[in-house]
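Engineer: Here is the input, now give the coordinates:
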Amino acid sequence: MRKYFRGGIAALTGALIATSIVLTPAAGAAAKQDPDTQKLAGALATQKVTWEECTFPGVAPETVEKFKTVKGLACATIQVPRDWHNPADGNTIGIRVSKTETAYKGTSRQGIALVNPGGPGGSGLPWGAAMALRAPVLAGQYDFIGFDPRGVGLSSPLTCSYTVPNSTDVNVLNKAKVDGCLENPLTQFITTEQTTYDMDFIRVVLGEKKMSYIGYSYGTWLGTWYAATFPSKAHRFLLDSAVDASQSTLENTWDLQPRTRDRQFQEALLPYMARNNATYGQGTDPMEIRRNWEKAGGTREFLGQLFVAWFVIPSMYDTTQYPTAASAVAAVIGDPAPAATDSAKVEQLVAKMLATPGLSAENKAFIAKGKSNALNAIAKKERVAVKATTAAAEVETWDATFEAIRCQDGQWNQNLHYWNYWLADLTVNAPFIAPFMSTPLCAYWPTKNSMPKPDKKTFPRLLVAQSELDAATAYEGGLATAKALPNAKLISVDNEGSHGLFPYNTDCVDDPIVFYFQTGATPRKQFTGCQALPLPNEDKTFDVGGKLTNGKVKIKMITPAVKEANKIVKDLLSGSSTAAADESGMPANL
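Structural biologist: I've put the predicted structure just below:
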């Protein structure tokens, strides 16, 4: 994500307002009343909330110091019913919340705006202060609220345990893991639906009639669920880098993710390397770079998996880190004779990456973090190898929030034959990422939950922002979301791959978003097309991927370039099987 807002937006002229922005009439009367969380919570609605100085575990000290400069920053734990469908049972859980008080008092104050960074399972506690710093114009009208959703961070956590079965069958192992988690009485309540009620109760406790919201990635799913459940309480909502909320489950979003990662690698990163041959020394033909990458083992080898997992994929979330990803690919391609150990090899290749010209201080810090993660992955791989020789019946414990939410928000396909086909298809159509993939735990996880269908009469006007080559939440999913949600408008960013856009630092992207939060006005047209910023060390934006037409990007999932690259892999494999990565390979969250 871009780190800083430019400090203001360009003045919107009368002509712009007249031709591009429209205030539609207010929605009609609600077909049914929103749930009343104040009434449902009973005595909890009058609880005494103790606000105190915030702590943000895992956040760099210098960043925490910046957060402390935000006016009114304070944190508290709010008790909520464990089960909003049966709040009278007396069971409660704690939700850690941060508040700011940056909004100017008076008629210009718009209220509170909750922020969620995604995951599922991402800590949102720091994001109240972060958004106040990132969007100071909006901070003058909104008090941004961060929170750790149930099961996350400083809120009541969800951990699961299971007894390791005496079997090497992955299906047996996965089912044991899921069954063990379902035995935890908290598991069934770690869902997006329950979190939306928590969010509304935060609104109640803070004494607000309505709430606004900025959600990134999975946070767009959470925001959609809230808006569908509490439409009369939704003020301004931004869904940034959206999952496919046109579907009843999150399955399609993760179905697309391997292909979007292959697509960004081939359509954007390798062309960037080719344009900057003087820096990376891999030639001027993206296909030749791909061929050399695959000849070096690509992601079929553990070394390539490590460098993709901790340098390349993270750079796809923020393309200001493309120099990091490009240096990692070049290092693996130019790998000299093997070092004695995997750890020594990482040290050797990272040193080569750091010698690449043009790296910024942020790139070097990113590389240092990636190196640490890679070395930890090696240590984990070694522990797993040792553990494989131990007896079964060992009890393992794991952080289950990510899986509990995505699996319990709607029923995934539980036909294992389907998933076998899915994996086989990836080896042909997404071979760059295929070695990381395995049957998801959701294939073994039964659920009866489903997102409520938005009511066309009451669903609020909202904005969706989506980049063309987003590798985590496919552009196709964001487009489907914008088409499916009533009154939604889409802002597309052509030739961009970053995941999480606002604030983007261009008038085309930021102005309509800020103006919407200030006035409620959305662009007159359903689709607004914007151009990406240049990539690092380049002075112009290059056209890659699809074409921007009438505000929408027209692009195929398997583009001609991706198809050609897939053929390169197929020819090199010559019928050999693709090795699977071990479980320490790649982060799976959104």
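
Engineer: what ranges do the strands span in the stretch 101-250 of the chain?
Structural biologist: Counting by DSSP state E, counting those that start in this stretch, the stretch 101-250 of the chain has strands at residues 111-116, 142-147, 159-163, 211-216, 234-240.

Engineer: With mean pLDDT as new columns, can these be given to me in TSV?
Structural biologist: TSV is the format used below for the strands of the stretch 101-250 of the chain (pLDDT from 0 to 100):
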stretch	mean pLDDT
strand 111-116	98
strand 142-147	98
strand 159-163	96
strand 211-216	98
strand 234-240	98
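
Engineer: Can you check which of these gets nearest to residue 590?
Structural biologist: strand 211-216 (8.5 Å; Cβ to Cβ). For every residue, glycine as well, the C-beta is placed using N, CA and C.

Engineer: got JSON lines for the strands of the stretch 101-250 of the chain, with distance to residue 396 too?
Structural biologist: Below are the strands of the stretch 101-250 of the chain laid out as JSON lines (distance: least, Cβ to Cβ, whole Å):
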{"stretch": "strand 111-116", "distance to residue 396": "29"}
{"stretch": "strand 142-147", "distance to residue 396": "29"}
{"stretch": "strand 159-163", "distance to residue 396": "6"}
{"stretch": "strand 211-216", "distance to residue 396": "31"}
{"stretch": "strand 234-240", "distance to residue 396": "36"}
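
Engineer: can these go into JSON lines with extra columns for mean neighbour count?
Structural biologist: Below are those laid out as JSON lines (neighbours: other Cβ atoms under 10 Å):
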{"stretch": "strand 111-116", "mean neighbour count": "25"}
{"stretch": "strand 142-147", "mean neighbour count": "27"}
{"stretch": "strand 159-163", "mean neighbour count": "17"}
{"stretch": "strand 211-216", "mean neighbour count": "26"}
{"stretch": "strand 234-240", "mean neighbour count": "26"}
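
Engineer: got a list of contacts for the host helix or strand of residue 481?
Structural biologist: Residue 481 belongs to helix 475-484 when assigned by DSSP states H and E. Outside helix 475-484, the residues within contact range by Cβ atoms under 8 Å, 6 or more residues apart in numbering are 220, 224, 239, 241-247, 252-253, 256, 260, 464-470, 488-490, 492, 526-527, 552-553, 555, 557.

Engineer: And these, which of them are buried?
Structural biologist: Buried members of the contacts of helix 475-484, scored by 16 or more other Cβ atoms under 10 Å, are 220, 224, 239, 241-247, 252-253, 256, 260, 464-470, 488-490, 492, 527, 552-553, 555.

Engineer: Next step: the residues you listed restricted to helices.
Structural biologist: 220, 224, 252, 253, 256, 260 (DSSP state H).

Engineer: so which two of those residues are the farthest from each other?
Structural biologist: Among these, 224 and 260 lie farthest apart (Cβ to Cβ), at 19.8 Å.

Engineer: Residue 364: which element?
Structural biologist: helix 361-387.

Engineer: Who are the packing partners of the next helix or strand after that helix?
Structural biologist: Once the chain leaves helix 361-387, the next helix or strand it forms, by DSSP H and E, is strand 395-399. Judged by 3 or more Cβ pairs under 8 Å, 6 or more residues apart in numbering; DSSP states H and E, strand 395-399 is in contact with strand 159-163.

Engineer: for the stretch 301-450 of the chain, which spans come out with low pLDDT?
Structural biologist: Scanning the stretch 301-450 of the chain for pLDDT under 70 picks out the ranges 384-392.

Engineer: One more pass at 80, please.
Structural biologist: 336-338, 382-393 (pLDDT under 80).

Engineer: show me where it has helices.
Structural biologist: 302-307, 313-317, 322-333, 342-354, 361-387, 401-408, 416-429 (DSSP state H, counting those that start in this stretch).

Engineer: between these, which gets nearest to residue 157?
Structural biologist: helix 401-408 (7.3 Å).

Engineer: now that closest one against strand 159-163, angle please.
Structural biologist: In terms of direction (axes from the mean of the first three to the mean of the last three Cα atoms, to 10 degrees), helix 401-408 departs from strand 159-163 by 80 degrees.

Engineer: Run through who's touching helix 401-408.
Structural biologist: Contacts for helix 401-408 (Cβ under 8 Å, 6+ apart): 119-121, 151-152, 157-158, 178, 181, 187-188, 190-192, 218, 250, 254, 440-442, 445, 447, 449, 588-589.

Engineer: same thing with stretch 153-171?
Structural biologist: Counting by Cβ under 8 Å, 6+ apart, residues outside stretch 153-171 touching it are 55, 57, 77, 93-96, 123, 125, 147-151, 172-173, 176-177, 179-181, 184, 186-187, 190, 392-401, 404, 416, 438-439, 444.

Engineer: No further questions, thank you.
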